[in-house]
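**Q** Task: produce atomic coordinates for the following.
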Amino acid sequence: MPIDPALVGRRWGPFRYTVGLEKLREYASAISGGMPNLGLSGLPEDVHPVLHDEGAAARGPYHGVIAFPTFAVTFAITPFGAAVLDPALGVDLLRLVHAGQDFEFLEVLRPGDVLTTHGELVEVSMRGRHEVLVVRTESVNQHGRTAVRGLFTGLVRG
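**A** So this is what the prediction gives:
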């Protein structure tokens, strides 16, 4: 059954996420080819210390460890997940494929940041036989400043 375009404007959230230092380190390891949860490898030498080393990062331009930009997906995708699981949309998860994601970064993410994310269905359309849904997200930090905006696009194969 097709997604009802009248559902554009439907919202999900708030979802709260606290950024942890170890999660940032694990992410830095994972994106650089390591296996952080298995303890089998350390970080490759070319991973910038600002992403994992508290001492080196404290002497750097951000005065502490910061998140790799795409770390934002770990929390910003939550409203998209809620959308595709929402019975009102009726998304067939077996036919759903990732069609895109875009981020706008407005604040540096740091350990201890508390992010509150909301999402809104902003588009339902067709591409040939396939349905497309787009969820826009906004994540606000504990200081009330928007840290990340995201667009998550899913395609339901027709």
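
**Q** Tell me the gap between the longest strand along the chain and the middle of its chain.
**A** Secondary structure of the chain per DSSP state E: the longest strand is strand 114-127. Relative to its parent chain, strand 114-127 has a centroid offset of 12 Å by Cα atoms, centre = their mean, to the nearest Å.

**Q** packing partners for the very next helix or strand once past it?
**A** Note on strand 114-127: by DSSP states H and E, the next helix or strand toward the C-terminus is strand 130-140. Helices and strands touching strand 130-140, by 3 or more Cβ pairs under 8 Å, 6 or more residues apart in numbering; DSSP states H and E, are helix 73-76, helix 78-85, strand 114-127, strand 146-156. Backbone N, C-alpha and C define where each C-beta goes, glycine included.

**Q** tell me the angle of strand 130-140 relative to strand 146-156?
**A** Taking axes from the mean of the first three to the mean of the last three Cα atoms, to 10 degrees, one finds strand 130-140 and strand 146-156 inclined to each other by 170 degrees.

**Q** just to revisit the earlier point, need the helices and strands packed on strand 130-140 in TSV with distance to residue 6, mean pLDDT and mean neighbour count, can you?
**A** Below are those laid out as TSV (distance: least, Cβ to Cβ, whole Å; pLDDT from 0 to 100; neighbours: other Cβ atoms under 10 Å):
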stretch	distance to residue 6	mean pLDDT	mean neighbour count
helix 73-76	26	96	21
helix 78-85	15	98	20
strand 114-127	9	97	17
strand 146-156	17	98	20
